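Trainee: Sequence first, then the predicted structure, then my questions.
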Amino acid sequence: MKIKKVVFPVAGHGSRFLPATKATPKEMLPVVDKPLIQYAVEEALDAGCTDLIFITGKTKRAITDHFDHSLEISSNLTEDKKQLFRQMNNIIPSHASCIYLRQGEPLGLGHAILQAKPVLGDEPFAVVLADDLIDAPKGVLKQMIENYADPQSSMISVQKVKKQDASQYGMIATNDTKPNMQQLSGIVEKPLPDDAPSEFGVVGRYIFSNKILSFLEKTNPGAGNEIQLTDAIKALLEEFPVYAYHFEGVRYDCGDKLGFIKANIELALKNEIFGVELSEYLKKRFAP
């Protein structure tokens, strides 16, 4: 089933990356040579999405500027530079559009998604969290859309997590034994490791039936006085099917400094221009 609309919640403060994020949005921090948000947008475009909805905050102007046609191609540039500038001016193809909506204050992921209601209509839609950079031969959102058939259902991506890390994730419960996609029977936000209902945690890719919006509207503020998306999903699955999709790919938690550094190293090693040279440098650097 085709999904046209995708929501990017990018209004957070990025406090874990201070002082780097004092004046620069966390989503604009580069992994090798592209900002995090560009990886997320390219994944959505590759999956066939055309309506890109950014839920921004007052310090996020750089995101809007990044996707604007703003680079002047002067005649004194080399051909290589001219080609690069053309690419930068066409990150968003002509058949796609960007919509920017302001979240007045960061009241949780659920609240951020709810800000997109006026432009979502009655269609299913996707949500992509730029913090989760996933290196995969086929983008995770594309994988999910190819497996999404029922517009009354919803789908969340999951991965196996270490027991001690369960308190960092929404952890799913399921009685379904299918290998790649299982129907949820429950979901718990950041449980203690011994209380986790399974070993699978939610990662930042979602496809939602439009029904989720009415559940978000009825969700009371939870932890941190925020509207928790997990609480709305928990209520949703009591009436409509929600599936966990086990994606193919390697996920890097770029909301965490170490995860961000790992993403830079691994993607830099794959770079066609300097990956081999970097590999040789690292071998020498850590040689006994």
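Mentor: Arrived safely, thanks for sending. Computed from a prediction, not measured in an experiment: that's the story for all the values here.
Trainee: Please put the alpha-carbon coordinates of stretch 231-245 into CSV.
Mentor: This file holds the C-alpha atoms of stretch 231-245, laid out as CSV (Å, rounded to 0.1, in the frame of the first residue of the first chain):
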residue,chain,number,x,y,z
ASP,A,231,0.5,5.1,25.8
ALA,A,232,-1.5,5.8,22.6
ILE,A,233,-0.2,2.7,20.9
LYS,A,234,-1.2,0.6,24.0
ALA,A,235,-4.7,2.0,23.7
LEU,A,236,-4.8,1.6,19.9
LEU,A,237,-3.9,-2.1,19.9
GLU,A,238,-6.9,-2.9,22.1
GLU,A,239,-9.2,-2.0,19.1
PHE,A,240,-7.0,-2.2,16.0
PRO,A,241,-4.1,-4.5,15.0
VAL,A,242,-0.6,-3.2,15.5
TYR,A,243,2.3,-5.2,14.1
ALA,A,244,6.0,-5.4,15.0
TYR,A,245,8.3,-5.5,12.0
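Trainee: mean confidence for it?
Mentor: Averaged across stretch 231-245, the pLDDT comes to 95.
Trainee: got it, and stretch 46-56?
Mentor: Mean pLDDT, computed over stretch 46-56, is 96.
Trainee: Flag the shaky bits of the stretch 51-200 of the chain, pLDDT-wise.
Mentor: 70-77, 82, 85 (pLDDT under 70).
Trainee: could you pull out the helices for the stretch 151-288 of the chain?
Mentor: Ranges of helices in the stretch 151-288 of the chain, per DSSP state H, counting those that start in this stretch, are 212-218, 229-236, 257-269, 275-285.
Trainee: quick one: which of those is nearest Leu192?
Mentor: helix 229-236 (15.2 Å; Cβ to Cβ). In short, each C-beta sits where N, CA and C put it, glycine included.
Trainee: What helices and strands are in contact with that closest one?
Mentor: helix 109-114, strand 154-160, strand 170-174, strand 181-189, helix 212-218 (3 or more Cβ pairs under 8 Å, 6 or more residues apart in numbering; DSSP states H and E).
Trainee: quick revisit: from the helices of the stretch 151-288 of the chain, which stretch is densest packed?
Mentor: Stretch with highest mean neighbour count among those: helix 229-236 (a mean of 23; mean count of other Cβ atoms under 10 Å).
Trainee: Could you tell me the angle between it and strand 181-189?
Mentor: Between helix 229-236 and strand 181-189, the angle comes out at 120 degrees (axes from the mean of the first three to the mean of the last three Cα atoms, to 10 degrees).
Trainee: Centre of the chain to helix 229-236, how far?
Mentor: 18 Å (Cα atoms, centre = their mean, to the nearest Å).
Trainee: Okay, angle between it and strand 154-160 too, please.
Mentor: Relative orientation of helix 229-236 versus strand 154-160 (the same axes, to 10 degrees): 120 degrees.
Trainee: Helix 229-236 to strand 170-174, inter-axis angle?
Mentor: Orientation check (the same axes, to 10 degrees): helix 229-236 against strand 170-174 gives 20 degrees.
Trainee: re earlier: and the helices of the stretch 151-288 of the chain as CSV, adding distance to Asp65?
Mentor: Below are the helices of the stretch 151-288 of the chain laid out as CSV (distance: least, Cβ to Cβ, whole Å):
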stretch, distance to Asp65
helix 212-218, 30
helix 229-236, 28
helix 257-269, 22
helix 275-285, 30
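Trainee: Compare these and give me the one nearest Lys60.
Mentor: When the helices of the stretch 151-288 of the chain are compared by Cβ to Cβ, helix 257-269 sits nearest Lys60, at 18.4 Å.
Trainee: What average pLDDT does the closest one get?
Mentor: Regarding helix 257-269, the rounded mean pLDDT is 97.
Trainee: Equivalent analysis for stretch 208-216, please.
Mentor: On average, stretch 208-216 scores 96.
Trainee: what are the ranges of the strands in the stretch 1-150 of the chain?
Mentor: Using DSSP state E, counting those that start in this stretch, the strands of the stretch 1-150 of the chain run over 5-9, 30-31, 34-35, 51-56, 97-102, 125-128, 132-135.
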